[in-house]
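1. model this:
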Amino acid sequence: MTDGLQPFLSDRVVALSAPTQAWSGSDGDLGAATIDGFYHGDTRFVRTLRLEYAGADTPFAAPEWIRATSPAAGEVRFDAVLRGIDDPFPDPKVRLERVRRVTDGRVTETVTVRSHLAEPVSLRVRSTWEPDFTALQQVKAGAAERSSWGAESVSDGLRVSSGAAALQVRTDGAEVVIGADIALTWTREVAAFGTATVEWSVTMDDPSLVVRGVAAPAPWQTPEVAPAADPRLSRWLDRALGDLDALRLALPDHPDDVFFAAGAPWFFTLFGRDSLWAARLLLPLDVTTAASTLRVLARLQGTKNDPETAEQPGKIMHELRSGELAMPGEGIVLPPLYYGTVDATALWVCLLVEAAEAGMPEAEVRTLLPRLEAALEWITTSVGAHGFLDYVDETGHGLSNQGWKDSGDSIQWRSGALAEGPIALSEVQGYAYEAAQGAADLLDRFDRPGSSELREWAAQLKERFAERFWVTTAEGRYPAIALDRHGAPVDTLTTNAGHLLGTGILDPEDEAAVSALLCGPTVSSGFGLRTLSTQAAGYWPLSYHGGSVWTHDTAIVARGMARAGLTDDARSIVAGLLAAAEAFDYRVPELHAGDDAREVTAPSPYPAACRPQAWSAAAAVTAWEIAGR
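-> Next comes the predicted model:
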């Protein structure tokens with residue numbers, strides 16, 4: 001365990017049902033790693049947990065764990081043998097199954113001991129755990145401190161609280177000892193060739209929670225995969241759709257309007273960009289989540305100018321939290337409702353256009369048209385000094401970069417120098433162009449004014465983009481990642497250029513040229529597309545946005561290739577995603593290292609990457625669309 005650093009996640013086991021999650025080691029115990037714990041919303045309620053067993057007259061010992069499996073997103077099974085109460089022969093005859101199930105606000109553990117011995121055996125099972133009421137952001141910073149708590153006996157268990165947050169423990173008749181931690185001990189007789197079971201659960205409550213779980217079943221069906229398709233695609237789809245189901249959330253005042261939490265463990269809440277892209281990638285299977293995501297974000301659409309929150313009239317929000325979000329060591333402090341995103345507004349428009357085309361009921365679309373017009377007003381009037389949509393943090397403690405690559409060093413020149421803001425990202429101009437063109441058609445469909453002005457605005461944006469964004473370097477000719485504060489094109493080759501494919505802002509011959517570059521060895525790793533070309537000075541395969549591979553990013557590019565008619569390129573990129581999915585047992589993380597498939601058989605994990613992540617999971621649907629239908 002390393003204090004003061006963001007926890008690594010890659011070797012941990014998670015079970016989840018948003019907004020609840022349980023992180024542990026492969027034995028099911030909690031406490032060996034900083035991330036370990038039972039969480040509900042933005043609070044960790046249980047910090048450590050240890051399972052032990054003993055015979056009638058033997059000391060307690062840890063089971064010998066042999067495997068962990070996850071049949072569903074909300075369930076993990078840990079298997080062990082209990083040689084301390086077994087006979088002396090080589091074959092283990094006493095087994096333990098520890099099944100952890102996570103539902104909204106609750107974690108349940110069922111421990112079953114199975115014996116193949118010819119004689120009965122006395123058994124004691126002890127679960128020792130430590131309550132905790134630490135904020136998730138403190139855990140993320142590696143700076144979590146011990147919290148105070150109090151416990152009292154209640155019917156069939158305990159109630160443990162700290163301030164307004166509380167957990168209730170159902171103990172199933174265990175002997176309870178409360179000290180610095182809490183120990184539950186059960187005594188059972190395991191019959192010859194028989195079984196014995198104990199069960200306990202923790203129900204967590206946090207009144208400050210601003211999101212809630214979803215009880216209704218997922219509205220989509222797993223699609224059929226073509227018989228000739230890669231068989232790995234079916235496995236990825238099954239795992240990914242199960243994860244998406246577990247990542248569904250709603251806001252308390254509209255519990256039927258579902259959206260996707262961005263991902264575990266840090267982002268069990270509403271994110272404009274992430275929720276929109278996940279719903280958009282899933283659209284071939286489900287229009288209802290797209291429609292409800294649009295409604296949720298429309299209710300939070302900006303109505304005033306507030307530099308502290310980055311709110312502006314018509315703007316779509318970035319992030320919702322129950323309180324102020326401080327990132328220790330990074331100088332970032334965000335308000336509970338934060339609007340610091342330059343792309344979510346155009347993406348909201350694009351999703352509405354595509355959802356309407358995919359069968360979103362006309363009455364639902366019509367209700368959102370005033371919000372659409374407000375969003376279009378923001379898009380068309382928010383261009384900066386150089387004529388493009390740009391951003392800059394006005395507070396000094398917000399996000400310095402406000403596109404999807406939002407780390408502080410993500411916008412850099414080929415030399416490695418960081419670009420100065422305000423920044424106008426290339427892909428944002430593509431989103432805006434696509435939004436304006438699609439919205440013009442939608443306005444015509446509903447007999448609303450303004451379509452001709454939108455098409456003219458889009459045509460002028462396309463012309464300006466062609467004049468200003470293209471660069472020529474040793475790697476070829478391609479759109480720069482951005483324009484800096486001076487209007488100079490930042491000359492790195494990145495996947496941002498791939499987001500332009502299929503938006504209409506590039507001519508077909510330019511789309512083919514960009515696609516070919518991205519399929520080349522400096523960007524394509526064989527496990528997906530690197531966020532930054534290997535020819536850039538700042539390239540590093542484990543850099544968050546400077547050489548790693550993000551599955552959703554690669555899927556968006558492949559989707560654009562397919563929309564542009566570049567089917568062979570799209571399929572080659574999907575083949576890389578399938579190789580990565582197999583390497584990660586089909587739960588693809590938020591990002592992984594940009595390792596080259598010609599040099600390694602599997603990419604290295606980015607050890608702090610979230611998993612599952614909604615848009616990474618939704619990428620499986622894009623892979624199916626391109627290579628599996």
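2. in what helix or strand does the residue nearest to Ser275 when sequence neighbours are not counted lie?
-> Once flanking residues are discounted, Ser275 sits nearest to Phe259: 4.6 Å by C-beta to C-beta, 6 or more residues apart in numbering. C-beta coordinates here come from the backbone N, C-alpha and C atoms, glycine included. Using DSSP states H and E, Phe259 maps to strand 254-260.
3. avg pLDDT for that strand?
-> Average pLDDT, strand 254-260: 97.
4. ditto for stretch 510-526
-> pLDDT averaged over stretch 510-526 gives 98.
5. buried residues, the strand holding Phe259. List them.
-> Asp257, Val258, Phe259, Phe260 (16 or more other C-beta atoms under 10 Å).
6. again, but for stretch 410-424
-> Buried residues in stretch 410-424 (16+ other C-beta under 10 Å): Ser410, Ile411, Gln412, Trp413, Arg414, Leu418, Ala419, Gly421, Pro422, Ile423, Ala424.
7. identify the farthest-apart pair in those residues.
-> Greatest spatial distance in the buried residues of stretch 410-424: Arg414 and Pro422, 20.7 Å, computed using C-beta to C-beta.
8. any chance you could map the helices in the stretch 451-600 of the chain?
-> In the stretch 451-600 of the chain, the helices defined using DSSP state H, counting those that start in this stretch lie at 451-468, 508-518, 551-563, 567-583.
9. can you check the stretch 201-350 of the chain too?
-> Under DSSP H, counting those that start in this stretch, the stretch 201-350 of the chain gives helices at 232-246, 272-282, 288-299, 344-358.
10. and these as CSV, adding mean neighbour count, mean pLDDT and distance to Val523?
-> Putting the helices of the stretch 201-350 of the chain into CSV (neighbours: other C-beta atoms under 10 Å; pLDDT from 0 to 100; distance: least, C-beta to C-beta, whole Å) gives the following:
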stretch, mean neighbour count, mean pLDDT, distance to Val523
helix 232-246, 22, 98, 22
helix 272-282, 27, 98, 20
helix 288-299, 22, 98, 30
helix 344-358, 24, 98, 23
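11. so which of the ones you listed is nearest Pro131?
-> Of all the helices of the stretch 201-350 of the chain, helix 232-246 sits nearest to Pro131, with 24.6 Å by C-beta to C-beta.
12. tell me which other helices or strands the closest one touches.
-> When contacts are defined as 3 or more C-beta pairs under 8 Å, 6 or more residues apart in numbering; DSSP states H and E, helix 232-246 sits against helix 567-583, helix 614-627.
13. okay, now the domains of this structure?
-> Annotated domains of the chain cover 13-205, 232-627 [automatic domain parsing].
14. and the helix or strand harbouring Trp378, how far from the chain's centre?
-> Per DSSP H and E, Trp378 falls inside helix 362-381. How far helix 362-381 lies from its chain's middle: 27 Å, per C-alpha atoms, centre = their mean, to the nearest Å.
15. what lines up beside the very next helix or strand once past that helix in the sheet?
-> Using DSSP H and E, the helix or strand that follows helix 362-381 in sequence is strand 424-425. Applying DSSP bridges to the sheet, strand 424-425 is found paired with strand 482-483 (antiparallel).
16. quick revisit: mind checking which of the helices of the stretch 451-600 of the chain is nearest Leu372?
-> Among the helices of the stretch 451-600 of the chain, the nearest to Leu372 by C-beta to C-beta is helix 451-468 (10.8 Å).
17. who are the packing partners of that closest one?
-> helix 362-381, helix 426-445.
18. what sits up against that helix?
-> 376, 380, 386-388, 426, 429, 432-433, 436-437, 439-441, 443-444, 479, 483, 487, 489, 504-505 (C-beta atoms under 8 Å, 6 or more residues apart in numbering).
19. for the biggest strand by length in the chain, name the packing helices and strands.
-> In terms of residue count, the longest strand belonging to the chain (DSSP state E) is strand 121-135. Here strand 121-135 is seen to pack against strand 43-54, strand 106-115, strand 157-162, strand 182-190, strand 195-205 when contacts are counted using 3+ C-beta pairs under 8 Å, 6+ apart.
20. quick one: mean pLDDT over that strand.
-> Rounded mean pLDDT across strand 121-135 is 96.
21. and the next helix or strand past it?
-> According to DSSP H and E, the helix or strand after strand 121-135 is helix 136-140.
22. so, low pLDDT: which residues of this structure?
-> Across the chain, residues meeting the criterion (pLDDT under 70) sit at 1-3, 328.
23. at 50 what do you get?
-> For the chain, no stretch has pLDDT under 50.
24. if we can go back for a sec, format the buried residues of stretch 410-424 as a markdown table; extra columns: distance to Asn305.
-> A markdown table is the format used below for these (distance: C-beta to C-beta, whole Å):
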| residue | distance to Asn305 |
| --- | --- |
| Ser410 | 27 |
| Ile411 | 25 |
| Gln412 | 31 |
| Trp413 | 32 |
| Arg414 | 37 |
| Leu418 | 28 |
| Ala419 | 26 |
| Gly421 | 19 |
| Pro422 | 17 |
| Ile423 | 20 |
| Ala424 | 20 |
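25. pick the one among these closest to Gly528.
-> In terms of C-beta to C-beta, no member of the buried residues of stretch 410-424 lies closer to Gly528 than Ser410, at 17.2 Å.
26. residues touching the residue nearest to the closest one when sequence neighbours are not counted, list them.
-> Excluding its sequence neighbours, the residue lying closest to Ser410 (C-beta to C-beta, 6+ apart) is His545, at 3.8 Å. If a contact means C-beta under 8 Å, 6+ apart, then His545 has Lys405, Ser407, Asp409, Ser410, Thr531, Leu532 as its contacts.
27. and with 7 Å instead?
-> Lys405, Ser407, Ser410, Thr531 (C-beta atoms under 7 Å, 6 or more residues apart in numbering).
28. if we can go back for a sec, buried residues in the helix holding Trp378, which are they?
-> Glu364, Val365, Leu368, Arg371, Leu372, Ala374, Ala375, Leu376, Trp378, Ile379, Thr380.
29. need the nearest residue in space to the fourth one, chain neighbours excluded.
-> The one in question is Arg371. Closest residue to Arg371 apart from its sequence neighbours, by C-beta to C-beta, 6+ apart: Ala298 at 4.2 Å.
30. report the buried residues of stretch 179-194.
-> Residues Ile182, Ala183, Leu184, Thr185, Trp186, Arg188, Val190 are the ones in stretch 179-194 that count as buried (16+ other C-beta under 10 Å).
31. also stretch 300-312?
-> Leu300, Gln301, Gly302, Thr309, Ala310, Glu311, Gln312.
32. out of those residues, which are inside strands?
-> Using DSSP E, none of these sit in strands.
33. quick revisit: how close does the residue nearest to Arg371 sit to Ser292?
-> Separation of Ala298 from Ser292 (C-beta to C-beta, to the nearest Å): 10 Å.
34. and Ile556, how far from Ala218?
-> Ile556 is 23 Å from Ala218, where distance means C-beta to C-beta.
35. when the two are compared, which one has more neighbours?
-> Ile556 (25 against 18; other C-beta atoms under 10 Å).
36. ok, the more buried one - contacts?
-> With contacts defined as C-beta under 7 Å, 6+ apart, Ile556 is in contact with His499.
37. quick check: the gap between it and Leu276.
-> Ile556 sits at a distance of 12 Å from Leu276 (criterion: C-beta to C-beta).
38. now do Pro605
-> Note on Pro605: its distance to Leu276, by C-beta to C-beta, is 27 Å.
39. do the same with Ala432
-> From Ala432 to Leu276 the distance is 14 Å (C-beta to C-beta).
40. cool, and Leu501?
-> 18 Å.
41. which residues does the residue nearest to Ala229 when sequence neighbours are not counted contact?
-> Among residues not flanking Ala229 along the chain, Gly628 sits closest, at 4.2 Å (C-beta to C-beta, 6+ apart). For Gly628, the contact set (C-beta under 7 Å, 6+ apart) comprises Val225, Ala226, Ala229, Leu233.
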